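Engineer: 3D, please:
(4 chains)
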2 protein chains.
Amino acid sequence: MTQIKRVSECPPGDDLGNVVPLTAHSLKAACSQCNLQELCLPLGLSEAEIQRLDSLVSTRRKVKRGQHLYRTGVPFEAIYAIKAGFFKTDVLMEDGRDQVTGFQMAGEILGMDGISLESHTCNAVALEDSEVCVIPFAQLEQLSSEMRTLQHHFHKVMSREIVRDQSVMMLLGTMRAEERLAAFLLNLSQRFTARGYSAAEFHLRMTREEIGSYLGLKLETVSRAFSRFQEEGFIAVQQKHIRILDLAALKALLTHTPLPTPHSSHG
Amino acid sequence: MTQIKRVSECPPGDDLGNVVPLTAHSLKAACSQCNLQELCLPLGLSEAEIQRLDSLVSTRRKVKRGQHLYRTGVPFEAIYAIKAGFFKTDVLMEDGRDQVTGFQMAGEILGMDGISLESHTCNAVALEDSEVCVIPFAQLEQLSSEMRTLQHHFHKVMSREIVRDQSVMMLLGTMRAEERLAAFLLNLSQRFTARGYSAAEFHLRMTREEIGSYLGLKLETVSRAFSRFQEEGFIAVQQKHIRILDLAALKALLTHTPLPTPHSSHG
DNA sequence: CGGGTGCTTGATACACTTCAACCCGCGTGG
DNA sequence: CCACGCGGGTTGAAGTGTATCAAGCACCCG
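Structural biologist: Next up is the predicted model:
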């Protein structure tokens, strides 16, 4: 009963994009014109190949903050490349517990969970007004079989997701609260950098509760860890605005096995 | 420094199968003759298609208990279908902490982590004498582009791995010790069933420490949870031999939110 | 300017870890 | 044949990190 407030604001059914009428929301996608190429599916493709992609990635879809891009159980038809915005994916257990399984930003691919069972196994929710390129999966496979580079790159994208999941498992399985948060911040920072944004200063799109859910912590613990980082001078926090002041210190938190002594923070 | 005793028995380099001479260890694979088809890559392919696979899956490789199938960092060249035996995959952090990221059994595919960076991101170790079918990846992609069913099935296999990882995250992020162990046992039971073995009685191939590592727990906690399950009459434990006596009780542990929530207003 | 959601902070509770002792089964070798 | 050692497992007692409960604050939005 704690989460999903923002989500349930909008009437259910209204946000299931599959039935959204194709008004202004649908735009021509055009990978060939997209400045996210180097982060997205077209990576490594030639000019000519990217132009063939244009025919495949035919529509864009806008998803407002709080709306679902897809929900658990809906038939799988397409994967989505994030054109702009920010998403989270989460999984809901029968008993009501849920967990955020990832945060996705521009240039990243959403929806590959749905391939195996032909229906989605998680929810994807926009954390800010966003826009995605719709990539019908059957057509992607068709084109893949004609374009080996595309096929290969798609395999890499899926594999990257598997590798990412491994490191989340590592995080959840072996790290303590502050290490988790440091890893989280460093990961965000690195991804923002790759998109040309500042590595040291950014805005969190998610709440403390969502961060906690992702990191396997309670929101209070996340908040305390933020406060502690600020006390130590590692970062400056103002609500959702983060400034990293001591990148090295955050990194040291991860590698330096901090177990032996309770707080021997001497260098 | 607690683990990997069994592994380090064998001199390093000696167990890197890529350089193992093709003696009796290499056998013709022949998917068409394999009784694991229905669990493995060929699933859903026609007779004729499976015969085309035979040309691709050309060799088998034996991996002795404790030996590595591959190690972190080695160049990625092939994925592996487990013909017989049992494996674990694990990831090692710089500071020495490690985590088991999965256990794999006959019919399952290993090595897809390597696609994205063209080198492996985890170790795969046999927990008993095992045998795998070597599937050279370049050839798999080649054949996939000619056989849409194979391509599609391979995508499903990769996606299934992503979905599996989601539920491990769920386990690590939201469950308490006994729930994790219950989930683990139920998962094993279900996979053994799918292979025609008893759902209720099986032999654990891994140590308590490896289970703990996978579940994000210490081996003592795993041991205590086993003991508790035995006291409660859910299972019978004799070392690594497990008999499930009350499947429903184990399942109830997972769905029944076990927190005695003092003030859960409704429900 | 009020109301509410999100965030912070403190006090207490508890689940799991840590440390330690001990046991068991098994292979080895005297 | 039994002593011995050893890895793997169990169990107990104490320690600690995070959750829980609770109160109050800060910002955003209407």
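
Engineer: Any regions of chain A where pLDDT drops low?
Structural biologist: Low-confidence segments of chain A (pLDDT under 70): A:1-27, A:29, A:257-267.

Engineer: what about the residue most central in space within it, which SS state?
Structural biologist: A centroid search over chain A (Cα atoms, centre = their mean) returns A:Gln104, at 1.5 Å, as the residue closest to the centre. Here A:Gln104 is strand, with the state taken from DSSP: H, G, I helix; E, B strand; the rest coil.

Engineer: what secondary structure does the nearest residue to it once chain neighbours are set aside sit in?
Structural biologist: Beyond its immediate neighbours in the sequence, the residue positioned closest to A:Gln104 (Cβ to Cβ, 6 or more residues apart in numbering or on different chains) is A:Phe87, lying 4.5 Å away. Backbone N, C-alpha and C define where each C-beta goes, glycine included. Following three-state DSSP, we place A:Phe87 in the strand state.

Engineer: end-to-end on stretch A:65-84?
Structural biologist: In stretch A:65-84, first residue to last residue: 12 Å (Cα to Cα, to the nearest Å).

Engineer: before we move on, which element is A:Val132 in?
Structural biologist: When elements are assigned from DSSP states H and E, A:Val132 belongs to strand A:130-136.

Engineer: Quick check: residues of the stretch 101-250 of chain A near DNA strand D?
Structural biologist: A:176-178, A:212, A:216-218, A:220-221, A:238-239 (Cβ under 7 Å from any atom of the strand).

Engineer: Now list the buried members of those residues.
Structural biologist: Buried residues within those, defined by neighbour count using 16 or more other Cβ atoms under 10 Å in any protein chain shown: A:177-178, A:212, A:216-217, A:221.

Engineer: which residues of chain A fall in helices?
Structural biologist: Taking DSSP state H as the criterion, chain A contains helices spanning A:5-8, A:47-56, A:137-146, A:148-174, A:177-194, A:208-215, A:219-232, A:247-255.

Engineer: ok, A:Glu161 to chain B distance?
Structural biologist: With distances taken as Cβ to the nearest Cβ, to the nearest Å, A:Glu161 is found 5 Å from chain B.

Engineer: Next: A:Phe86.
Structural biologist: For A:Phe86, the distance to chain B equals 19 Å [Cβ to the nearest Cβ].

Engineer: Could you give the number of residues near A:Cys122?
Structural biologist: 27 (other Cβ atoms under 10 Å in any protein chain shown).

Engineer: pretty sure it is touching A:Thr72, no?
Structural biologist: Yes: look at A:Cys122 against A:Thr72 with Cβ atoms under 8 Å: they come within range, at 5.9 Å.

Engineer: what residues are shared contacts of the two?
Structural biologist: By Cβ atoms under 8 Å, 6 or more residues apart in numbering or on different chains, A:Cys122 and A:Thr72 have these common neighbours: A:Val91.

Engineer: With respect to burial, which of the helices of chain A scores highest?
Structural biologist: Among those, helix A:208-215 has the highest mean neighbour count (mean count of other Cβ atoms under 10 Å in any protein chain shown), at a mean of 22.

Engineer: which helices and strands sit right next to that one?
Structural biologist: strand A:86-92, strand A:98-105, helix A:177-194, helix A:219-232, helix B:148-174 (3 or more Cβ pairs under 8 Å, 6 or more residues apart in numbering or on different chains; DSSP states H and E).

Engineer: Does it reach DNA strand C?
Structural biologist: Yes: using Cβ under 7 Å from any atom of the strand, helix A:208-215 comes into contact with DNA strand C via A:208-209.

Engineer: from the residues of the stretch 101-250 of chain A next to DNA strand D, which is closest to B:Leu140?
Structural biologist: Checking these against B:Leu140 with Cβ to Cβ, the nearest one is A:Gly216 at 35.3 Å.

Engineer: Apart from its neighbours in sequence, what residue is nearest that closest one?
Structural biologist: The nearest residue in space to A:Gly216 (Cβ to Cβ, 6+ apart) is B:Gly173, at 3.7 Å.
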